[in-house]
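Trainee: Next come a sequence and a model predicted from it.
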Amino acid sequence: MANTLLLEIVTPDRKVLSEDVEYVGAPGALGEFGVLPNHIPFLSALGIGNLHYKTGGKSYYVFVAGGFAEVSGNKMTVLAEVAEKASEIDIDRARKARERAEQRSAKAKENVDWARNQAAMRRAIARMSCRESGSQAGTC
Amino acid sequence: MASLRDVQNKIASIKKTKQITKAMNMVASAKLRRAQERIERFRPYAAKFYEMLRELAGGADPSVHPLLEVREEIKTTGIVLVTSDRGLCGSFNTNLIKAAVKLAAEKAAEGKTVKFYCVGKKGADAAKKLEHEIVKSYRDAMGSFDFTLGMEVGNMIIDAYIRGELDEATLVYGEFISMARQEPVVLPVLPLAPEEAEPGEGGEAAASQEFIYEPSVEGLLAELLPRFIKVQVYRGLLDTSASEHAARMAAMDNATRACDDMTDSLTLLYNKTRQAVITKELMDIVGGAEALNG
């Protein structure tokens, strides 16, 4: 039995990651789920949040927004519209995005773009926490 | 007969034009390479995406999703026309516009209202000139774009479709077949017909594994289908961009060669003129000398 699984993260613009890992935790649409090697075939939609994986005793973090994860044959493929490793996240941009989103939601009462605004806020917060977790784990 | 100076000036100006066309050719070839790299990078995503879609679409009832529903009465049709922002690329944009206009005429003949969504300045200008209804145009977008643009355009037509402003939508873009061939493609995108989704490059027969689906097959499809449209739009954008640069390369190559031909024939004319002038002067001198002697 293999004790690692192959994790691949691809976005339309690039292949973000392809690595053998020991554990993956991902933000599923119905909540967090964990994947260990030799997982049964599994297909899930992803929400906005942080994916993290362990390899060589270290934890790494990747921000993902909207996408799918497929686990089959000891391989996990993540198709995300946006994916950024913790080390690639522009923390200032995320902070500004969050401020903008807060200002907008404070102003608008019955905004039709409320959902969009919420999503922007969640993305910004997830990016910031991803960066933070990454630096705590010493991997970015 | 043109004077010597005129011919000389003309040669100089053509040589300058040639420098420009040559430079544009090189710029286009660099840009083409980048566009092709982006298509390469998009391929793994697209292949996996089609594979997932096939796995899911097989097991689900297609009538569950609004994007799959074929409306009985089609009143308005949307045309998403993707062209380049800049000209000087041969008949590339003309062909795309012609394809879109032909489609618009067909739809109008069926009594449908046609609405245009334009990406790229050339198409937007043409649609405006022909007085078509333009809902939205993205100008100067083709220079640098990423998946966000595909998402934006995709979301726009999906929203319009769901609100009932559109009953169907077609994408017109330039497919990159090879360096020498780029052809306009007319691709109906809405309502969706996922079983016609072209096979991804991965191609392997999906082993009939028992997957656990989360939230559910229908839930996943509801997420996948709108994305499918965005993937198609993005692919159209990428292809058009590569085609544009390939077309420009070919056009500039032709122009450079035409410059060479013109310089050759003008140089010949220049030499002939020069000789004629010399001969005439000699004749004058000889004639003058004869008169003195005589």
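Mentor: Good, I have the coordinates. Numbering: from 1, shown residues only, chains lettered A, B, ... in the order given.

Trainee: residues in chain A within reach of chain B, list them.
Mentor: Selection of chain A residues close to chain B by CB under 8 Å from any CB of the partner chain yields A:10-15, A:28-30, A:33, A:40-45, A:68, A:70, A:72, A:77, A:79, A:81. To be clear about C-beta, it is placed using only N, CA and C from the backbone, and glycine gets the same treatment.

Trainee: Give me the buried entries from those residues.
Mentor: Burial by neighbour count, judged by 16 or more other CB atoms under 10 Å in any protein chain shown, picks out A:10-13, A:28-29, A:33, A:42-45, A:68, A:70, A:72, A:77, A:79, A:81 from those.

Trainee: quick one: pLDDT of the most centrally placed residue in chain B?
Mentor: Ranked by distance to the mean C-alpha position of chain B (CA atoms, centre = their mean), the top residue is residue B:240 at 3.7 Å. If you check residue B:240, the pLDDT there is 94.

Trainee: likewise the one 3 residues further on?
Mentor: In this model, residue B:243 is scored at 94, pLDDT.

Trainee: what sits against residue B:248?
Mentor: B:24, B:25, B:28, B:88, B:89, B:90, B:92 (CB atoms under 8 Å, 6 or more residues apart in numbering or on different chains).

Trainee: Among those, which ones are in helices?
Mentor: B:24, B:25, B:28, B:92 (DSSP state H).

Trainee: which one among those gets closest to chain A?
Mentor: Nearest to chain A among the ones in helices among the contacts of residue B:248 is residue B:28, at 22.2 Å by CB to the nearest CB.

Trainee: Run a quick neighbour tally on the closest one.
Mentor: Neighbour count of residue B:28, defined by other CB atoms under 10 Å in any protein chain shown: 23.

Trainee: now swap in residue B:11 and tell me
Mentor: A count of nearby residues for residue B:11, using other CB under 10 Å, gives 17.

Trainee: do residue A:84 as well
Mentor: Using other CB under 10 Å: residue A:84 sits among 21 other residues.

Trainee: got it, and residue B:122?
Mentor: When neighbours are defined as other CB under 10 Å, residue B:122 has 23 of them.

Trainee: And residue B:275, by the same measure?
Mentor: Around residue B:275 there are 10 residues (other CB under 10 Å).

Trainee: Let's see which of the buried ones among the residues of chain A next to chain B end up in strands.
Mentor: Judged by DSSP state E, the subset of those located in strands is A:10, A:28, A:33, A:42-45, A:68, A:70, A:72, A:77, A:79, A:81.

Trainee: of all those residues, which two lie farthest apart?
Mentor: Pairwise distances among these were taken by CB to CB; the largest, 21.4 Å, belongs to A:72 and A:81.

Trainee: Look at residue A:139 and give its secondary structure.
Mentor: coil (DSSP: H, G, I helix; E, B strand; the rest coil).

Trainee: ok now do it, which residues does it touch?
Mentor: Residue A:139 touches A:58, A:59, A:60, A:61, A:86, A:87, counting by CB under 8 Å, 6+ apart.

Trainee: Including secondary structure, could those go into JSON lines?
Mentor: Shown next, in JSON lines, are these (three-state DSSP):
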{"residue": "A:58", "secondary structure": "strand"}
{"residue": "A:59", "secondary structure": "strand"}
{"residue": "A:60", "secondary structure": "strand"}
{"residue": "A:61", "secondary structure": "strand"}
{"residue": "A:86", "secondary structure": "helix"}
{"residue": "A:87", "secondary structure": "helix"}
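
Trainee: Which members of those residues are classed as buried?
Mentor: Among the contacts of residue A:139, the ones that count as buried by 16+ other CB under 10 Å are A:59, A:60, A:61, A:86.

Trainee: Could you pull out the helices in chain A for me?
Mentor: Using DSSP H, helices in chain A cover A:91-107, A:114-136.

Trainee: Pick the most deeply packed of these.
Mentor: Greatest average neighbour count among those goes to helix A:114-136 (a mean of 17), per mean count of other CB atoms under 10 Å in any protein chain shown.

Trainee: Contacts for that helix next, please.
Mentor: Contacts of helix A:114-136 (CB under 8 Å, 6+ apart): A:48-50, A:52, A:59-63, A:65, A:82, A:84-87, A:89, A:91, A:94-95, A:97-98, A:100-102, A:104-105, A:108, A:111, A:140.

Trainee: Same check on stretch A:50-59?
Mentor: A:4, A:7, A:9, A:19-27, A:60-64, A:78, A:83, A:126, A:129-130, A:133, A:137-139.

Trainee: Produce a PyMOL select command limited to the buried residues of those.
Mentor: Selection of buried members from the contacts of stretch A:50-59 for PyMOL, criterion 16+ other CB under 10 Å:
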select buried, chain A and resi 7+9+21+23+24+25+26+27+60+61+62+63+64+78+83+126+129+130+133+139
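
Trainee: show me what contacts the residue in the stretch 51-200 of chain B that chain A sits nearest to?
Mentor: Chain A sits closest to residue B:147 of the stretch 51-200 of chain B, with a gap of 4.1 Å, by CB to the nearest CB. With contact taken as CB under 8 Å, 6+ apart, residue B:147 is in contact with A:11, A:12, A:13, A:81, B:230, B:234.

Trainee: Let me see the contact set for the residue lying closest to it once chain neighbours are set aside.
Mentor: Nearest residue to residue B:147, sequence neighbours excluded (CB to CB, 6 or more residues apart in numbering or on different chains): residue A:12, at 4.1 Å. Taking CB under 8 Å, 6+ apart, we find residue A:12 in contact with A:81, B:42, B:45, B:46, B:146, B:147, B:150, B:231, B:234.
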